[in-house]
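Undergrad: fold the following for me, if possible:
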Amino acid sequence: MKKKKINLEKNKNDDAMKLSLSLVKQRMDKIHLGGGLKRIEKEHAKGKMTARERVANLIDEGSTFYELGTFVGYEMYQEYGGCPAGGVVAGIGRVSGRMCMIVANDATVKAGAWFPIAGKKNLRAQEIAMENRLPIIYLVDSAGVFLPMQDEIFPDKEHFGRIFRNNAVMSSMGIPQISAIMGSCVAGGAYLPIMSDEALIVDKTGSIFLAGPYLVKAAIGEDVDKETLGGATTQCEISGVTDYKEPDDASCLKTIRGLVDKFGPFETANFNREESVEPAFSVEEIYGYYPENGAKPYDMRNILKCIADKGSIQYYKARYGKTIVCAYARIDGWSVGIVANQREVVKNAKGEMQFGGVIYSDSADKAARFIMNCNQKKIPLVFLQDVTGFMVGSRSEHGGIIKDGAKMVNAVSNSVVPKITIVLGNSYGAGNYAMCGKAYDPRFIYAWPTAKIAVMGGSQAAKTLLQIKVSSLKKKGEEIDAETEKKMFEEVKGRYDEQTTAYYAASRLWVDEIIDPKRTREYISLSIEAANHSPLTKAFNAGVLQT
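TA: Numbers count the residues shown, from 1 in each chain. Sure, this is the predicted structure:
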């Protein structure tokens, strides 16, 4: 009878996750259309491929393109008609057998113009390429900065100009950069391909210049057409600005593949990897182990058995600090150290009940030591987040929760091995920081559709904000009845809940991608393989706080 009850629970969980993923797919399919079918048809009429078609033709046949930032810009810039995927397609793919970062402007979205979030997405792609020393391929087709929002993308440190600074830095690091001018490439954007190692240009459709014909006419009174000013013939045969003149998109992409094929070998970090073994539980089962409403206790160890290679999990301090699970394991053959929140109701060493999702002093102390061990042994770290924060209250404060939490945050901050973060459920408050949220430089950070990222949960936040609002109104002499207070609470909670979803986080690049939970193992393996391209050059130093 008990077994039947467990299966029913798993079935409910499975159904709930599949419904969430169905919504992800619906929204993703719409995003993949970019500016819409009419815009796609216009690009085809010019003899051009779309951004995603170019990527598909560039990567090795039968290989997978791991798109990152698909939901960037989701439900943003509605006053301008939206900006699907930030007007940029970016991700990791194999080109001539080599793992590369690929960045392609989507000309169907406002002619590939750069919105503020597009700049952030391009910078994130470059950051991933630099941290993991991946060759980067730019497929350029952009009208430049989106002028109505130029003040939000042009002058600051993390704005448009930082991209060209990164071009120069990557060049000094020896990271190969190849650019293909497959459409417009104008104004400041013209520096990106020319600051790359090699630049290709497609005849008739590609053009590159600092100022287009209209601006030239306005500035110096010269009448000149686009081709004469900066077309393929001009830039390949007269100026020598570009290196390869290509007749069409397909030929251009083939030439890029040929260039990448000639790359020599690069040094690796040499992370430990053995032959991959399938997990103890099928990856298909993972849906059933995460609770449908995200609030019920569950055992993270069942999730690990769907991700880690069978027989590879070794738990660290298994009976101590039970609200964080620490374990050495292998994922697709890669040696990893796992730090995961435990939402099961557990007892501490004194026999007291502790509720998962909360980090206690003993859990923080344990995790900090484990993170240090992994750094000493050069083992990449995987963080699985489902955390409501650190334990509060007088008892925790008297026990030194701040100091123990600081130790953990310190260990995460100073970690030199690659960190990969997956947000399964809650990611609240300082728990987000301690479990390697975006501010703590994970090489990659992914979210399940069930992820929620915020300072605190919706109900707690709404109650706090409501108390402040009601108190303010009462000071003004206004009385609030119970029904009005309830209505105000629901309004505040609804608005707050919208800002905690995985979509909201992904649209602003707090996470790199929303992923299907059953592909968690695959994405972790991909991330460590990418990180393996970058040798470790620093030794771990815990700084002032020692355990």
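Undergrad: low-scoring stretches of the protein, by residue?
TA: 1-6, 346-356, 398, 458, 543-547 (pLDDT under 70).
Undergrad: which phi and psi does Q342 have?
TA: Backbone dihedrals for Q342, given as degrees, to the nearest 10, come out at phi -110, psi 120.
Undergrad: going forward, begin numbering at 8 instead of 1
TA: I'll keep to 8 as the first residue from here, and by that count the last item is Q349.
Undergrad: who's in contact with it?
TA: D306, M307, R308, K329, T330, I331, V332, G363 (CB atoms under 8 Å, 6 or more residues apart in numbering). C-betas here are computed from N, CA, C, even on glycine.
Undergrad: ok, now with 7 Å
TA: M307, K329, T330, I331, V332, G363 (CB atoms under 7 Å, 6 or more residues apart in numbering).
Undergrad: which of these count as buried?
TA: Using 16 or more other CB atoms under 10 Å as the burial test, these include M307, K329, T330, I331, V332, G363 as buried.
Undergrad: where does the second one fall, secondary structure wise?
TA: K329 is located outside every helix and strand, with elements delineated by DSSP states H and E.
Undergrad: so how far is N348 from it?
TA: Distance, K329 to N348, by CB to CB, to the nearest Å: 11 Å.
Undergrad: swap in the first one?
TA: Using CB to CB, M307 is found at 7 Å from N348.
Undergrad: what's the overlap in contacts for these two?
TA: L391.
Undergrad: A461: how many residues sit nearby?
TA: Per other CB atoms under 10 Å, the neighbour tally for A461 reads 20.
Undergrad: now the residue lying closest to it once chain neighbours are set aside: how far from P304?
TA: Closest residue in space to A461, ignoring its immediate chain neighbours: T507 at 4.2 Å, by CB to CB, 6 or more residues apart in numbering. Distance of T507 to P304, computed by CB to CB: 20 Å.
Undergrad: ok, A549 next?
TA: Counting by CB to CB, the gap from A549 to P304 is 33 Å.
Undergrad: now swap in Y335 and tell me
TA: 25 Å.
Undergrad: compare these two (neighbour count), which wins?
TA: Counted by other CB under 10 Å, Y335 and P304 do not tie: Y335 has more neighbours, with 19 against 13.
Undergrad: quick one: distance of the host helix or strand of the more buried one to the chain centre.
TA: Here Y335 is covered by strand 331-338, with elements defined by DSSP H and E. When C-alpha coordinates are averaged (CA atoms, centre = their mean, to the nearest Å), strand 331-338 and its chain have centres 22 Å apart.
Undergrad: got the angle for the helix or strand just after it vs strand 331-338?
TA: Using DSSP H and E, the helix or strand that follows strand 331-338 in sequence is strand 341-348. Strand 341-348 runs at 160 degrees relative to strand 331-338, counting by axes from the mean of the first three to the mean of the last three CA atoms, to 10 degrees.
Undergrad: other SSEs contacting strand 341-348?
TA: helix 307-314, strand 331-338, helix 368-384, strand 388-394 (3 or more CB pairs under 7 Å, 6 or more residues apart in numbering; DSSP states H and E).
Undergrad: and A302, its phi and psi?
TA: Dihedral angles phi and psi of A302 (degrees, to the nearest 10) take the values phi -110, psi -20.
Undergrad: now it: how far from N173?
TA: A302 is 42 Å from N173, by CB to CB.
Undergrad: which one's more surrounded, these two?
TA: Comparing A302 with N173 by other CB under 10 Å, the one with more neighbours is N173, at 22 against 11.
Undergrad: tell me the spacing between the residue lying closest to the more buried one once chain neighbours are set aside and S179.
TA: Using CB to CB, 6+ apart and skipping residues adjacent in sequence, the residue nearest N173 is Q133, 4.4 Å away. Remark: distance between Q133 and S179 (CB to CB) = 14 Å.
Undergrad: looking at those two, which one has more neighbours?
TA: Higher neighbour count among Q133 and S179: Q133, with 24 against 7, using other CB under 10 Å.
Undergrad: thinking again about what came up before, export the buried ones among the contacts of Q349 to CSV and append columns for distance to Y447.
TA: Below are the buried ones among the contacts of Q349 laid out as CSV (distance: CB to CB, whole Å):
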residue, distance to Y447
M307, 20
K329, 23
T330, 20
I331, 16
V332, 19
G363, 22
